[in-house]
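> Sequence and predicted structure are below.
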Protein chains: 2
Amino acid sequence: MKNKTTSITDFSQLVKELNESGIKNNVAVVWAEDSHTIDAVEMAYKAGVINPILVCSEQTAERFKNIYETLLADNPQDASEKAVELVRQGKADALMKGFVNTDVLLRAILNKEKGILPKGSVLTHITAAKIPTYPKLLFFTDPAVLPFPTHEQRIEQIKYVANFCHAFNIEQPKISLIHCSEKPDGKHFPYTEGYLELKKMANEGAFGNCIVDGPLDLKTSCSAEALADKKINSPIEGEADAVIFPDIEAGNVFYKTITLFAGAETAAVLQGTLVPVVLASRGDTVESKFYSLALATIISKSKKK
Amino acid sequence: MKNKTTSITDFSQLVKELNESGIKNNVAVVWAEDSHTIDAVEMAYKAGVINPILVCSEQTAERFKNIYETLLADNPQDASEKAVELVRQGKADALMKGFVNTDVLLRAILNKEKGILPKGSVLTHITAAKIPTYPKLLFFTDPAVLPFPTHEQRIEQIKYVANFCHAFNIEQPKISLIHCSEKPDGKHFPYTEGYLELKKMANEGAFGNCIVDGPLDLKTSCSAEALADKKINSPIEGEADAVIFPDIEAGNVFYKTITLFAGAETAAVLQGTLVPVVLASRGDTVESKFYSLALATIISKSKKK
C-alpha cells in the first residue's frame, strides 16, 4: 500500500524534501563568471541540493578548485557546447545558464547533431510560483519560450505540468486552461475549442491522475469566491495547482505582475530537453535561481523513479 | 499662465477633485434591480459625483421616488434601450450597467439606428488601477472588449488613455506598449513593428503631450530597477502611467492578477461610445463600481472642457 504523502506547498519544503530523500543533481553551470550565478550555486550547494560542475575560465577554476568540480572553457559559446556535451555523456543531470546570452546557450542546446533536444520534443518553460496571497504553489506555462502554443504543444505542456505537480506530491493536480472568459469561442479564439478536447483527453487518463478544466479566467481558476460570484461550476473549484496560458504575452504578464506587484518568489526550468535547464535571467533574484536549481533536482529525480 | 496642477494618484483624490470642481454626471442606470448596483449608486450619489436616473421596475421606482430621478422600464432589454435613448437626448452623461446581461446592453448600445457608438468609433475598455505596491494610478487597456487590437484600434486606445491621464492632471503621461520582450519581432509578433510606428506618431505629437515607448515588458515598464537590470534605456523610466496590452488575454490576466493577488482597486469604463459606459461585472466590488462612476464623471468633464 502506498504511503500517504504530503504535498509540497513552498520552496523551503522543497529543499527539505530533497534533503530527506538525499538526492542531488550534478549541474553543469555554463560560463560561471558572474557573482549572481556563483552565489546561487553556492546557496544550492550548501543546501545540499546540487553538485555543481563549473564550466568556466581558468581564473574561476583556480578560485574554486578546492570546492567544486570544474571544466575549462574558452568563452561563453565554448562553455555552452562543453556543458551540453556533459549532459550527453550522462555526467550532468541539469544545466544552468551563467554569464552567457540566452541565444548562445540555446544554439548549443538545439544543435541537431550535438544538442540535447530530442527530435519532436516540445521545448517550453515551466515556472513554479509562491504568491504570498495564494495558499499553495502555482505552476504555470509558458511566459518565455513558446509564442502561441499549438494544440499539440499544449498537450505536452499539460504533461510536463502534471509531472511537476506529481513530483511535488500533489496526487490529483488541478490544471486550468486560461482564457479571458469561461465561454469557448472558436471564432475569435480557436484554441478555446481545443481546450474542450484537452479536457476530454484528461478525463480519459491521458495525463495521469489530474483534473483539467477550461476555459476559465485567472480569477475563477484561483478563487472559489470568484467562481461562485460568476455562478460557474468547475472541478478546479478555484484551487488551481497549475494554469496553462493561451499565449506568451499572457504568461509573461502574469510572471512579471506577480513578481513585481504581489511579492511572488519563483523557480523555473525549461522542459523538453534531455535534462532540465535553468535559464534564469539577470533580473531574477539569487533566491529564484537557487529555487530553480532545487526544482531541477526534484524533476530529474522524478524522471529517474 | 496656466496654474501648475497636481496629478491625481488615487481614487479618494479623484472624488475630492470632483467635489472641488463641483461637476456631476447624470448617469442612466440600466435596470437598477440588484443591491450591488444600488449600493454603488448610493455611494457615488452621497459622495456628490453623480445624479442617478434609475431606469427600473415600478417597484424600484416606488422605493426611490423621493431620492432619485426614475424612468420606468418593463425588462432589462427595455431598460437598455431607454437608457441609451436618454444619452441620445442629452439627458445622461454616462451609462451604468445594472442587473442586465452585458450582451443585452451592448446590443442596445451598438444598434445602428438607435445606438450610441458613432460609425468608425473604436469601442474599447479602459481601466484605472490603484495597486498598493505602485506609487501612482496605472491605466490600462484592454482586458475585456477588443480581442486582438489592430494597429488602427491601438492608435485609438492610446488616444483614449492619453486623454484619461490628462484628465487626471498628468501633464506628460508615460504610455508603455507591452510585449514579452524589448525586441521588436515582426515575424512572430507583427504588432511589435506597429509599436515603432506608434512611437514615431507620439513623437510627432499625434497624441498630445505624452511619451510613448515600446515594446517593453510589464516589469521594465513599471520598475526603474528592472529597467536598469536589463541595461535598457527608455523614456518611460520604469514609471509608466499607462500600459497598452497586445491582446485581451494579456490584459485580462493582468486585471485578474492585480485584483486577486496584489490587492488592487480598479475603476473602469468603455470608451468609443457617445458617453462613458460603466460595465462592471458581478465579481467587482461595490467600491470598484463607485470609483468607475467617478471615473466616468471626470472623463465626461474633460470632454466638455
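All right, it came through fine. Residues are numbered from 1 along each chain as shown, chains lettered A, B, ... in the order given.
> Residue A:249 should be in a helix, yeah?
Yes: according to DSSP: H, G, I helix; E, B strand; the rest coil, residue A:249 belongs to a helix.
> That one: how many residues sit nearby?
27 (other C-beta atoms under 10 Å in any protein chain shown). All C-beta atoms are positioned from the backbone trio N, CA, C, and that covers glycine.
> Repeat that for residue A:115.
Residues lying near residue A:115 (other C-beta under 10 Å) number 18.
> how about it, secondary structure?
When states are read from three-state DSSP, the local structure at residue A:115 comes out as coil.
> Surely it touches residue A:108?
Yes: with contact defined as C-beta atoms under 8 Å, residue A:115 counts as touching residue A:108 (6.6 Å).
> Now for these two: what residues contact both?
residue A:84 (C-beta atoms under 8 Å, 6 or more residues apart in numbering or on different chains).
> Where is the longest helix in chain A?
helix A:286-304 (DSSP state H).
> Can I get that one in CSV, CA atoms only?
Written as CSV, here are the backbone C-alpha positions of helix A:286-304 (Å, rounded to 0.1, in the frame of the first residue of the first chain):
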residue,chain,number,x,y,z
VAL,A,286,19.6,34.9,-6.3
GLU,A,287,16.9,33.0,-4.3
SER,A,288,14.9,32.5,-7.5
LYS,A,289,18.0,30.9,-9.2
PHE,A,290,18.6,28.7,-6.1
TYR,A,291,14.9,27.6,-6.1
SER,A,292,15.2,26.9,-9.8
LEU,A,293,18.2,24.6,-9.1
ALA,A,294,16.1,22.8,-6.5
LEU,A,295,13.2,22.5,-8.9
ALA,A,296,15.5,21.0,-11.5
THR,A,297,16.7,18.4,-9.0
ILE,A,298,13.2,17.2,-8.0
ILE,A,299,12.2,17.0,-11.7
SER,A,300,15.3,15.0,-12.6
LYS,A,301,14.6,12.7,-9.6
SER,A,302,11.0,12.1,-10.6
LYS,A,303,12.1,11.1,-14.1
LYS,A,304,14.6,8.6,-12.7
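> helices or strands up against that helix?
Helices and strands touching helix A:286-304, by 3 or more C-beta pairs under 8 Å, 6 or more residues apart in numbering or on different chains; DSSP states H and E, are helix A:11-21, strand A:25-30, helix A:35-46, strand A:94-97, helix A:151-167, strand A:265-271, strand A:277-278.
> buried stuff in the helix or strand following the fourth one?
Secondary structure here is assigned by DSSP states H and E; on that basis, the next helix or strand after strand A:94-97 toward the C-terminus is helix A:102-110. By 16 or more other C-beta atoms under 10 Å in any protein chain shown, the buried positions in helix A:102-110 come out as A:104, A:105, A:106, A:108, A:109.
> Between those residues, which sits nearest chain B?
Proximity to chain B was ranked across the buried residues of helix A:102-110 by C-beta to the nearest C-beta; first place goes to residue A:106, at 14.0 Å.
> ok, now which ones touch the spatially closest residue to residue A:261 that is not a sequence neighbour?
Taking C-beta to C-beta, 6 or more residues apart in numbering or on different chains as the measure, residue A:261 lies nearest to residue B:262, with 4.2 Å between them; neighbours along the chain are not counted. Contacts for residue B:262 were tallied using C-beta under 8 Å, 6+ apart; they are A:133, A:257, A:258, A:261, A:262, B:131, B:132, B:133.
> Let me know how buried the nearest residue to the third one once chain neighbours are set aside is, in neighbour terms.
Computed as C-beta to C-beta, 6+ apart, the closest residue to residue A:258 that is not its neighbour in sequence is residue A:264, at 3.8 Å. For residue A:264, the number of neighbouring residues by other C-beta under 10 Å comes to 23.
> pretty sure residue A:264 is touching residue A:128, no?
No: with contact defined as C-beta under 8 Å, residue A:264 does not count as touching residue A:128 (10.1 Å).
> OK, now which residue of the stretch 51-200 of chain A is nearest to chain B?
Counting by C-beta to the nearest C-beta, the stretch 51-200 of chain A gets nearest chain B through residue A:180, at 3.6 Å.
> And residue A:254, how close does it get to residue B:128?
As defined by C-beta to C-beta, to the nearest Å, residue A:254 lies at a distance of 21 Å from residue B:128.
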